[in-house]
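A.B. asks: the following block contains a protein sequence and its predicted model.
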Amino acid sequence: MIRTNTLSPQRFLAATFLALLAACSGGGGGGGGPTSASPIIIAASLAGSGGNPVAGDTLVLGFSTTVALVSGALLTGEDFTLSGSASLGAVTTAPAVLSSTTLSITLGAGVTFTPGTTTIVLSELNDAVGGTTTAPRGGGPAITIGIGDGSQPTVSNVTIAKVDDELNGTGAAGGTLQVPTNGWTLDLTYSDNGAIATSQTVITADVSISTTAGSQPPGTNLRSFFTQVNSNNTTTNYLIPTTVGFPATAVTLTCIAVDVSGLSSTPTAYSFTVRAFNNNTQPFETSANASQVWFLDFSRDEDSYATSNPNGQAQVDITSGANSVSDFEDLLQIVGLTSATPIPNVQGSESSNDIVISRIKTEMLADLAADYSGSPVSFTLTEPAGNFNGNSSVTYASLGFSKIAISGSSSIPGVLGLAIFDPSNATQNDNTQIDFPIAGGAARLGVFLHTIIDSGVGQPNSSLFRTTYDAFTLINGGTPIGHVSQDGDRLLGTVGDSREHEIDTAISLLARFVATVTAHECGHSVGLVVEGAMPIGLYGNDSVNFPDSASGHIRNASLFPSGSTNLMSPALNFTLATGPATAFNTLNLAYLREQVFYGN
């Protein structure tokens, strides 16, 4: 049975399941707060008719923060220190305000400087330009005067942890990202008609920030205290290292880009909330366990399986009761990836069945590692020491792992997986239980391979499942792996024919499918997806802003290309689960990487 709608799962250490989707083709300087940093020059460019300045040309100056001009004062040579014997000439015209952080000065008679060589900085005699809460003063690094290219750069996006706008508080769903005091990335996207001078980027906060050089007041350029992860002409990512500490309060960062011609962008601001982690809100407390370990248990043996073809449609039938073969291996034989008579000694003592199963598990581990990339979560095929003693959940620090069954059939028709929902990953969870209490009874927990195989063998023969597995599935006219003499060599990659390619594809797609469902279910058991906008939750069940979302799930169709989806969508089919871009949405991944978190 293919389920297109999900039931409403219980919350808080209840079970949350994945259904099979129908197959388809701050403060300023007043009021006792910290004194803000004064504006400094960050960009300077000549706007004129040629490369050498003449009287009547303009000098455009970009500043690090909002500037305020002293009424009636001129910006003249005394307000600046220029390198060498350079001069702005006899300035007689009041400066023009181009934006909150940009001024222009009309150069006077006797002007002389060399663009590309001459530097400029506010002097200690500056009495004309200050900040909104600071008096005029000098200081800042010397900035080389360029020749403006006539087009200022634009900062088009500022976000944290690469979280998409739909999920970072600036979209229609609202909310405010909540981050720890450090350990997250600040991500800038910008554009210009030329090159960006990334070393001149300005990042200021509206609160004081702790650094190794002491507390930096609001308005200080913090870029040098951050670790630049990567940078190019369109994006730059900065890591907030442990040597920097943001205060636990609401914060607004303001970012300005500068191009190589000496023009600066209009400031772009982004607001968020900072809170310190505690044991209730940090998903993976490394003081208790170095990482969150998941044991993948393939041993469940509750049923046996056979195929039939009532009314001309193939299906996989279930017979209750153990048969001394794991349900997982039973179903591999149903789909033709293994055989009742495998080829022996294909590689050492390993049969063709052994190699197929090993390859599936190895590729699953690689896929899961990619899904959880950058997070303190790992997966193993070897059960660590310790046990749950019959409990479905135990305190996080009392055991070093959680576990999940990769199994056969579900207690609930049409369900691909069922797992304990554990907000903020407060406990270690046993998702191998076969009688977990749910509304109206009890259910098996785990990942259920029968659901997709039963659905898949009966789909139209043009479906991705059928085109992948018909070559091997007996009920659809295929020949199982191990029934052709050279299949052993094909499994070792030494034949190179079309059947070898079909075998490789069939193994990889099944591994990817099972890994996707496993990643989804383990996601529930480490805290995905709590309802409510950030910082209360991760937008779970917000079907208004994210259509087709459901309790404990979020679907983000606009963020994924056709044929792929968010791993925490409420329903999947074989195509979506194996889609090349199927992954956690950026907010879910940022949570797993502990760059954002929810709760108080």
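C.D. replies: Noted; the coordinates are in hand.
A.B. asks: got the domain boundaries for the protein?
C.D. replies: 41-147, 154-274, 291-526 (automatic domain parsing).
A.B. asks: out of these, flag the one nearest residue 559.
C.D. replies: Nearest of the domains of the chain to residue 559, taken as Cβ to Cβ: domain 154-274 at 5.7 Å. For every residue, glycine as well, the C-beta is placed using N, CA and C.
A.B. asks: first-to-last residue distance for the closest one?
C.D. replies: Taking Cα to Cα, to the nearest Å, domain 154-274 runs 27 Å from one end to the other.
A.B. asks: from the chain's centroid, how far away is that domain?
C.D. replies: Put simply, domain 154-274 sits 17 Å off its chain's centre (Cα atoms, centre = their mean, to the nearest Å).
A.B. asks: quick one on the thing from earlier: tell me which of the domains of the chain lies nearest to residue 549.
C.D. replies: domain 154-274 (10.3 Å).
A.B. asks: can you tell me the closest non-neighbouring residue to residue 102?
C.D. replies: Distance criterion Cβ to Cβ, 6 or more residues apart in numbering; nearest residue to residue 102, sequence neighbours excluded, is residue 62 at 5.2 Å.
A.B. asks: what bridges to that neighbour?
C.D. replies: residue 43, residue 102 (DSSP bridges).
A.B. asks: and the next helix or strand past the lengthiest helix in the chain?
C.D. replies: In the chain, taking DSSP state H as the definition, the longest helix is helix 498-525. Using DSSP states H and E, the helix or strand that follows helix 498-525 in sequence is strand 571-572.
A.B. asks: just checking, what packs against whichever helix or strand comes after that following strand?
C.D. replies: Sequence-wise, the next helix or strand downstream of strand 571-572 (DSSP H and E) is helix 574-577. If contacts are counted by 3 or more Cβ pairs under 8 Å, 6 or more residues apart in numbering; DSSP states H and E, helix 574-577 sits against helix 449-457, helix 464-469, helix 498-525.
A.B. asks: and if we set it to 6 Å?
C.D. replies: helix 464-469 (3 or more Cβ pairs under 6 Å, 6 or more residues apart in numbering; DSSP states H and E).
A.B. asks: the helix it packs on: which residues count as buried?
C.D. replies: 464, 465, 466, 468, 469 (16 or more other Cβ atoms under 10 Å).
A.B. asks: let's have the residues you listed in a markdown table, adding pLDDT and distance to residue 573.
C.D. replies: Listed next are the buried residues of helix 464-469 as a markdown table, based on pLDDT from 0 to 100; distance: Cβ to Cβ, whole Å:
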| residue | pLDDT | distance to residue 573 |
| --- | --- | --- |
| 464 | 98 | 9 |
| 465 | 98 | 9 |
| 466 | 98 | 13 |
| 468 | 98 | 13 |
| 469 | 98 | 14 |
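A.B. asks: output these as CSV; include the columns distance to residue 40.
C.D. replies: Compiled in CSV, the buried residues of helix 464-469 are given as follows (distance: Cβ to Cβ, whole Å):
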residue, distance to residue 40
464, 59
465, 62
466, 66
468, 61
469, 65
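A.B. asks: residue ranges with poor pLDDT in this structure?
C.D. replies: 1-17, 22-34 (pLDDT under 70).
A.B. asks: can you pull out the helices in it?
C.D. replies: 327-335, 352-371, 449-457, 464-469, 487-491, 498-525, 574-577, 586-592.
A.B. asks: please enumerate the strands of the stretch 251-400 of the chain.
C.D. replies: Taking DSSP state E, counting those that start in this stretch as the test, the strands found in the stretch 251-400 of the chain are 268-274, 292-297, 303-308, 315-320, 377-380, 393-395.
A.B. asks: nearest to residue 454, out of those?
C.D. replies: That would be strand 315-320 among these, by Cβ to Cβ, at 4.1 Å.
A.B. asks: return the residues in contact with residue 268.
C.D. replies: 155, 158, 255 (Cβ atoms under 6 Å, 6 or more residues apart in numbering).
A.B. asks: out of these, who's nearest residue 329?
C.D. replies: Of the contacts of residue 268, the one sitting nearest to residue 329 (Cβ to Cβ) turns out to be residue 158, at 50.8 Å.
A.B. asks: how about the closest one: what's its closest non-neighbour residue?
C.D. replies: Residue 158 sits nearest to residue 270 (Cβ to Cβ, 6+ apart), 4.0 Å away.
A.B. asks: who does the one you found form a beta bridge with?
C.D. replies: In beta-bridge terms (that is, DSSP bridges), residue 270 pairs with residue 253.
A.B. asks: that one and residue 565, how far apart?
C.D. replies: 27 Å (Cβ to Cβ, to the nearest Å).
A.B. asks: restricting to C-alpha, output stretch 246-263 in CSV.
C.D. replies: Extracted C-alpha coordinates of stretch 246-263, given in CSV (Å, rounded to 0.1, in the frame of the first residue of the first chain):
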residue,chain,number,x,y,z
PHE,A,246,29.1,37.1,21.4
PRO,A,247,27.0,38.2,24.3
ALA,A,248,23.7,36.4,25.1
THR,A,249,21.4,39.0,23.7
ALA,A,250,19.8,40.2,20.5
VAL,A,251,22.5,41.2,18.0
THR,A,252,22.6,43.0,14.6
LEU,A,253,25.6,42.6,12.4
THR,A,254,26.1,45.2,9.6
CYS,A,255,28.2,44.3,6.6
ILE,A,256,29.8,46.5,3.9
ALA,A,257,31.7,45.3,0.9
VAL,A,258,34.4,47.4,-0.9
ASP,A,259,35.5,46.9,-4.5
VAL,A,260,39.0,47.3,-5.9
SER,A,261,38.2,50.7,-7.3
GLY,A,262,37.6,52.1,-3.9
LEU,A,263,33.8,52.2,-3.7
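A.B. asks: which residues touch that stretch?
C.D. replies: By Cβ under 6 Å, 6+ apart, stretch 246-263 touches 26, 42-45, 146, 148-149, 152-153, 155, 158, 181, 188, 190, 192, 194-197, 200-207, 264-265, 267-276.
A.B. asks: just the buried subset of the residues you listed, please.
C.D. replies: 26, 42-45, 146, 148-149, 152-153, 155, 158, 181, 188, 190, 192, 196-197, 200-207, 264-265, 267-268, 270-275.
A.B. asks: still on that earlier bit, which one of the helices of the chain lies nearest to residue 116?
C.D. replies: Across the helices of the chain, closest to residue 116 is helix 586-592 (Cβ to Cβ), at 40.6 Å.
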